[in-house]
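[1] Here you go, sequence then predicted model.
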Amino acid sequence: MAYELSRRSAVFGIVSALGSFALPKPTEASPWEEVGYDRLWVRNANGDELAVQHWVGERYEVQAVRLLSWLWRDWRDADAAVYIDPMLFTFLANIQTNLSVNAGTPCLINLNSGHRTARRNATLEGAAKHSYHISGRAGDFTLRSFLPDDVYRMASNLNVSGLGRYRTFTHVDTGATGRRWAGKGLTL
Ligand SMILES: [Zn+2]
């Protein structure tokens, strides 16, 4: 994958140019362009930012999943990238949309940690040995305008599969359902 991520307007341009991205009409629940149940607005800790529609009609949008997967890459370890389970994007879009509606404004997701190489994961204090971050099924993030506890509560209400409560971020993954824990480690 050799996608250049840049500012979100530029990314919209790329996706539009491929003809696969139609600006969706705002839903009742989300009057905003960048936030909704079918899309994600996210920035990684490297500064790459995307606002893309990953779900169109009744299927995942391949180009958007590629772009998001690249944003999820382990930029701390040679830009190693894997395809991310798109269900994760759906979980995060639901959390982002519901809390944005509560806030009355679109709230950006700041991704602290997406994909991790097994090598780098093994060096991190507090990281599970077989972390879902390695297999591209997890994200650690914060949501602008909200405390991690608020994000945790919403994610719990939405029944995401795996949910970790940390002081400074929230972990969500698509592993076995019903897993809940409180962590204290400062993983990145
Ligand atoms: Zn995590």
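    On my side now, so go ahead.
[2] Name the helix or strand for the residue in the chain that the ion sits nearest to, please.
    Minimum separation of the chain from the ion (CB to the ion) falls at His171, amounting to 3.5 Å. Every C-beta, even on glycine, is put in place using the N, C-alpha and C of the backbone. Secondary structure assignment for His171, by DSSP states H and E: strand 170-173.
[3] Can I get that strand in PDB, CA atoms only?
    This file holds the C-alpha atoms of strand 170-173, laid out as PDB (Å, rounded to 0.1, in the frame of the first residue of the first chain):
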ATOM      1  CA  THR A 170     -10.100   3.900  25.600                       C
ATOM      2  CA  HIS A 171      -9.300   0.600  23.900                       C
ATOM      3  CA  VAL A 172     -11.800  -1.000  21.500                       C
ATOM      4  CA  ASP A 173     -11.400  -4.200  19.600                       C
END
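[4] Strand partners (parallel or antiparallel) of it?
    strand 138-143 (antiparallel), strand 162-165 (antiparallel) (DSSP bridges).
[5] Show the average pLDDT along the last one.
    Strand 162-165 shows a mean pLDDT of 97.
[6] Is the ion within reach of that strand?
    No. Using CB under 5 Å from the ion, strand 162-165 stays clear of the ion, coming no nearer than 5.9 Å.
[7] residues in contact with that strand?
    132, 138, 140, 148-149, 152, 155-156, 170-177, 179-183 (CB atoms under 8 Å, 6 or more residues apart in numbering).
[8] go again using 7 Å as the cut-off
    Strand 162-165 is contacted from outside by 132, 152, 155-156, 170-173, 175, 179-183, using CB atoms under 7 Å, 6 or more residues apart in numbering.
[9] Excluding chain neighbours, what is closest to Thr105?
    Spatially, and ignoring its direct neighbours in sequence, Thr105 is nearest to Ser145 (7.4 Å; CB to CB, 6 or more residues apart in numbering).
[10] Name the helix or strand for that neighbour, please.
    Going by DSSP H and E, Ser145 is not in any helix or strand.
[11] Verify the stated contact: it with Cys107.
    Yes. Judged on CB atoms under 7 Å, Ser145 makes contact with Cys107 at a distance of 5.1 Å.
[12] more crowded one of the two?
    Using other CB atoms under 10 Å as the criterion, Ser145 and Cys107 rank with Cys107 on top: 24 against 15.
[13] Shouldn't that one be within a strand?
    No. Assigned with DSSP: H, G, I helix; E, B strand; the rest coil, Cys107 falls outside any strand and is coil.
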